[in-house]
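**Student:** From the sequence below, what's the structure:
(2 chains, ligands or ions: 2)
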Amino acid sequence: MANVLEAKNISVAFGGLLAVNDVSFNIPNKSIVSLIGPNGAGKTTFFNVLTGLYKPSAGNIIFGDRDITDLPPHKIASIGIARTFQNIRLFGLMTAQENLLVAMHSHLKAGITSTILRTKKQRKEESDAEDKAQSILDFAGVGKWTHEFARNLSYGDQRRLEVARALALDPKVLLLDEPTAGMNAQESQVFIEFINKLVAERDIAVMLIEHDMKVVMSLSQRVTVLDQGEKIAEGSPDEIKNNPRVIEAYLGKPKAARK
Amino acid sequence: MAKVSVANNVSKSNRNWIRGYTIAGFFLFITYQFLLPWDGLPSGIYQTVNQWMPPSAVNESLVYVIMALGLNIVVGYAGLLDLGYVAFWAIGGYCAGWFMSEFFYFLNIHFFGSVPAGTPGIHINFWMVLIIGGFVCALFGVLIGAPTLRLKSDYLALVTLGFGEIIPQVFFNGENFFGFNISNGTKGIVVVDPSPAGFKNLGPFDAGWKLLLFLFLTAVMVFISLRLRRGRLGRAWLAVREDELAASMMGVPLMRTKLAAYAVGAFAGGLGGVAFATHVNGVYAERFNFAISIFLLAMVVLGGMGNVWGVILGAFVLSWVNGNGLSAFGRVYNDSFGTSIDFTSFTFLLFGLVLIFMMLFKREGLIPESRMKLLMHEGELDDADSDGKKQKAGK
Ligand SMILES: Nc1ncnc2c1ncn2[C@@H]1O[C@H](COP(=O)(O)OP(=O)(O)O)[C@@H](O)[C@H]1O
Ligand SMILES: [Mg+2]
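**Tutor:** Ligands and ions are numbered 1, 2, ... in the order given. So this is what the prediction gives:
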């Protein structure tokens, strides 16, 4: 199967700390893959490299057939890699709709003059964008909060809105950093169904960082395990479940797990 | 739900301001152009108005309003601190000085100007000079912004501070700028061409018509502000103000977005500069000092960052107090109590107190923008929310 994204031999150093050490990672088209590992393993850092926030000290990132290693974050976002954050980072004092419209920024064209003059084209673009935002909000299950400030939404709805905002970028790859953190079992189940529906209906691949093993095991086609910046295992959920190194990483090193 | 309406109002408010503004502006104009000079007016009224709020004070306030609206785009909309905004005022002013006077006496360039053909100097039409001044300032905004906007906000503030100091100094010592006279130095460029308001050339005694002109320019700035704010760029500004990192992860180009705020803000500074040259019929280097930058910032903060109506009110009140209100009050006070206190010397003490008071009790300004109001009362939220904000701040 072809890969939509290939990260090759990525390393990230913070001073003396190698937060990510020579990790290669592929995301096949229309797949759901997971990245797990104890806290501090370097998972979020890996996301930050994929989205251009950090530049890797070694390695390349290929998106489609394009090397995006040196692209600035906003470019990477606009060509199709969208993400959510471990700690929700919505624009709290903007409405749900505005949050999505911001994510559409790079796809919209209106400039200063056409906005001031409110040309026919600009008005059409705006109303089309609003319609599209609404359909994404509906899809993500937060359609009734269109004109509500993001910060006023419940925790679960904020998580959903963050996914909706990422989807507004029309991404080929969606990176979700601990999306079910703080959700109860029932909410997690709804989320699992949502992601399955998403991948079934759209041309999109999903990469998850997730601690909830039930979510990981039921969604992922492939699971990769990071520990102290290194990839220690990769395989199907069943393979990972029974891998002794993984069990050791989670249980055998209480220090790392407790952090 | 009460909460819903807050957000709804954000998008719906300010939509039908033009009618109200026109009516208010029209009354102001009628009052100053016709009612005040009218012989039938009881002289008591004439004197009171002239003492408390003469036409020139209103006009000067409006010049401040125009510039505060520009600064509001940078500070209120995009959340960037600018401590050197006076530079744009100066550049706009000198654009008027260069292109609408006999300053370049060795040239003879006329383009729909308001002086007779044959007058030496460059004499370009007032409306065009407005646009030129705006664009020259926008260009300078981009030039100063491009290398500095990558800086974190504290450093950016310092650089703008330097810029606001350097530009006026260049003009102040501009009699010999690498061998060229660009400003007449401290003598200033005196007698800027009268500005034509359609049918009439406005000289020093046409305060009423200038009022109309400045009201119009103010309306243009309000219009631009509100339209941009509601569009693609305005949303990007807001997003950058809220969370720069998240905005860039959502495809918003930070540099371009901030530069656009700088450019549009500077454009307004240019309009204000040309308008001011029209107001005082000249360009005087010593008028462009650092205090003006702070003064303008105070207007934006006092009125309500991000809300054009608040900013207008803030600019009006502060410039009136500074220009006329305090001295008029002093005269009345001294007359009635037989004292001779120099009230105007307390201007900055008063401003300082007002700002401290505002920061303590009404941080969001007189007419706050609804989002700003919520933001400013962050500390009063429950723990969960403030926790989230801390994580953001600690990025
Ligand atoms: N910006 C940074 N500067 C310095 N160290 C960092 C930075 N970001 C992450 N780290 C460090 O890199 C390691 C991996 O962190 P992170 O990627 O957040 O782990 P995870 O998401 O797997 O829990 C940690 O030791 C963390 O302290
Ligand atoms: Mg993490």
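**Student:** what's around A:Lys144, how many residues?
**Tutor:** Using other CB atoms under 10 Å in any protein chain shown, the number of residues around A:Lys144 comes to 12. C-beta coordinates here come from the backbone N, C-alpha and C atoms, glycine included.
**Student:** Which pLDDT value goes with it?
**Tutor:** With respect to pLDDT, A:Lys144 scores 95.
**Student:** A helix includes it, no?
**Tutor:** Yes - the assignment for A:Lys144 is a helix, going by DSSP: H, G, I helix; E, B strand; the rest coil.
**Student:** ok, for A:Ile27, nearest residue in space, not its chain neighbours?
**Tutor:** Among residues not flanking A:Ile27 along the chain, A:Leu5 sits closest, at 4.3 Å (CB to CB, 6 or more residues apart in numbering or on different chains).
**Student:** That neighbour is in what secondary structure piece?
**Tutor:** According to DSSP states H and E, A:Leu5 maps onto strand A:3-14.
**Student:** That strand packs against which elements?
**Tutor:** strand A:17-28, helix A:43-50, strand A:58-63 (3 or more CB pairs under 8 Å, 6 or more residues apart in numbering or on different chains; DSSP states H and E).
**Student:** measure the residue nearest to A:Ile27 to A:Pro28 for me?
**Tutor:** To A:Pro28, A:Leu5 is 9 Å away according to CB to CB, to the nearest Å.
**Student:** list the residues that contact both of these two?
**Tutor:** A:Ala205 (CB atoms under 8 Å, 6 or more residues apart in numbering or on different chains).
**Student:** ok so, going back, what's the neighbour count on the residue nearest to A:Ile27?
**Tutor:** By other CB under 10 Å, 23 other residues sit near A:Leu5.
**Student:** Give the bridge partners for it, please.
**Tutor:** Assessed by DSSP bridges, A:Leu5 has beta-bridge partners A:Ile27, A:Phe63.
**Student:** Next, count neighbours for the residue of the stretch 101-250 of chain B found nearest chain A.
**Tutor:** Among all residues of the stretch 101-250 of chain B, B:Gly231 sits closest to chain A, at 3.7 Å; criterion: CB to the nearest CB. For B:Gly231, the tally of surrounding residues (other CB under 10 Å) stands at 22.
**Student:** which stretches of chain B have low pLDDT?
**Tutor:** Within chain B, the segments meeting pLDDT under 70 span B:1-15, B:197-200, B:202-205, B:378-395.
**Student:** Now do the strands in it.
**Tutor:** B:100-101, B:108-111, B:121-124, B:189-190, B:195-196, B:201-202, B:282-283 (DSSP state E).
**Student:** How far off centre is stretch B:182-197?
**Tutor:** Computed by CA atoms, centre = their mean, to the nearest Å, the chain-centroid distance of stretch B:182-197 equals 20 Å.
**Student:** What residues of that stretch count as buried?
**Tutor:** Neighbour counts using 16 or more other CB atoms under 10 Å in any protein chain shown place B:182-184, B:188-189, B:191-197 of stretch B:182-197 among the buried residues.
**Student:** Using JSON lines, lay out the residues you listed together with distance to A:Ile116.
**Tutor:** JSON lines is the format used below for the buried residues of stretch B:182-197 (distance: CB to CB, whole Å):
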{"residue": "B:Ile182", "distance to A:Ile116": "32"}
{"residue": "B:Ser183", "distance to A:Ile116": "32"}
{"residue": "B:Asn184", "distance to A:Ile116": "36"}
{"residue": "B:Gly188", "distance to A:Ile116": "34"}
{"residue": "B:Ile189", "distance to A:Ile116": "31"}
{"residue": "B:Val191", "distance to A:Ile116": "34"}
{"residue": "B:Val192", "distance to A:Ile116": "28"}
{"residue": "B:Asp193", "distance to A:Ile116": "28"}
{"residue": "B:Pro194", "distance to A:Ile116": "29"}
{"residue": "B:Ser195", "distance to A:Ile116": "23"}
{"residue": "B:Pro196", "distance to A:Ile116": "24"}
{"residue": "B:Ala197", "distance to A:Ile116": "23"}
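**Student:** one step back: of all the strands of chain B, which one comes closest to ligand 1?
**Tutor:** Nearest of the strands of chain B to ligand 1, taken as CB to the nearest ligand atom: strand B:282-283 at 49.9 Å.
**Student:** ok, now which ones touch the residue nearest to A:Ile27?
**Tutor:** Contacts of A:Leu5 were listed using CB under 8 Å, 6+ apart, and they are A:26-27, A:50, A:61-63, A:81, A:172-173, A:205.
**Student:** for B:Gly365, same thing?
**Tutor:** By CB under 8 Å, 6+ apart, the contact list for B:Gly365 reads B:301-305, B:307, B:310, B:314, B:358, B:372.
**Student:** Would you list the phi and psi of it?
**Tutor:** Main-chain torsions, B:Gly365, degrees, to the nearest 10: phi 100, psi 170.
**Student:** any idea what sits nearest it, other than its immediate chain neighbours?
**Tutor:** Per CB to CB, 6+ apart, closest to B:Gly365 is B:Gly304, 2.9 Å.
**Student:** do B:Trp320 as well
**Tutor:** B:Ser61 (5.5 Å).
**Student:** tell me the contacts of the one you found?
**Tutor:** Residues near B:Ser61 by CB under 8 Å, 6+ apart: B:315-316, B:319-320, B:323.
**Student:** which residues does the residue of chain A found nearest ligand 2 contact?
**Tutor:** Relative to ligand 2, the nearest point of chain A is A:Thr44 (3.2 Å; CB to the ion). By CB under 8 Å, 6+ apart, the residues touching A:Thr44 are A:86, A:177, A:209.
**Student:** Wait, the second one touches A:Arg89, no?
**Tutor:** Right, the one you point to is A:Asp177. No - counting by CB atoms under 8 Å, A:Asp177 does not reach A:Arg89; the two are 10.1 Å apart.
**Student:** can you give me phi and psi for the residue nearest to B:Gly365?
**Tutor:** According to degrees, to the nearest 10, B:Gly304 has phi 130, psi 90.
**Student:** What is the burial count for it?
**Tutor:** For B:Gly304, the count of nearby residues is 26 (other CB under 10 Å).
**Student:** What of A:Glu162?
**Tutor:** 24.
**Student:** Kindly report the same for B:Leu355.
**Tutor:** Here the count is done by other CB under 10 Å, and B:Leu355 has 16 residues near it.
**Student:** can you tell me which residues contact it?
**Tutor:** B:Leu355 makes contact with B:298, B:301-302, according to CB under 8 Å, 6+ apart.
**Student:** Format those residues as a markdown table; extra columns: neighbour count.
**Tutor:** Below are the contacts of B:Leu355 laid out as a markdown table (neighbours: other CB atoms under 10 Å in any protein chain shown):
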| residue | neighbour count |
| --- | --- |
| B:Ala298 | 21 |
| B:Val301 | 22 |
| B:Leu302 | 24 |
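**Student:** Just say which of the strands of chain B is most tucked in.
**Tutor:** Burial of those is given as mean neighbour count (mean count of other CB atoms under 10 Å in any protein chain shown); strand B:100-101 ranks first at a mean of 28.
**Student:** Need the three-state assignment for A:Leu208.
**Tutor:** Following three-state DSSP, the label given to A:Leu208 is strand.
**Student:** looking at it, it is touching A:Val33, isn't it?
**Tutor:** Yes - counting by CB under 8 Å, A:Leu208 does reach A:Val33; the two are 7.3 Å apart.
**Student:** Looking at those two, which one has more neighbours?
**Tutor:** Taking other CB under 10 Å, A:Leu208 and A:Val33 do not tie; A:Leu208 has more neighbours (24 against 20).
**Student:** Okay, and the beta partners of the more buried one?
**Tutor:** Beta-bridge pairing for A:Leu208 (DSSP bridges): A:Ser34, A:Leu176.
**Student:** can you tell me which residues contact it?
**Tutor:** Shown in contact with A:Leu208 (CB under 8 Å, 6+ apart): A:32-35, A:176, A:179, A:195, A:215-216, A:219-220.
**Student:** between the contacts of B:Gly365, which is closest to B:Pro120?
**Tutor:** For the contacts of B:Gly365, the closest approach to B:Pro120 (CB to CB) belongs to B:Gly314, at 42.1 Å.
**Student:** Next one: that closest one from B:Phe329, what distance?
**Tutor:** Distance from B:Gly314 to B:Phe329, by CB to CB: 19 Å.
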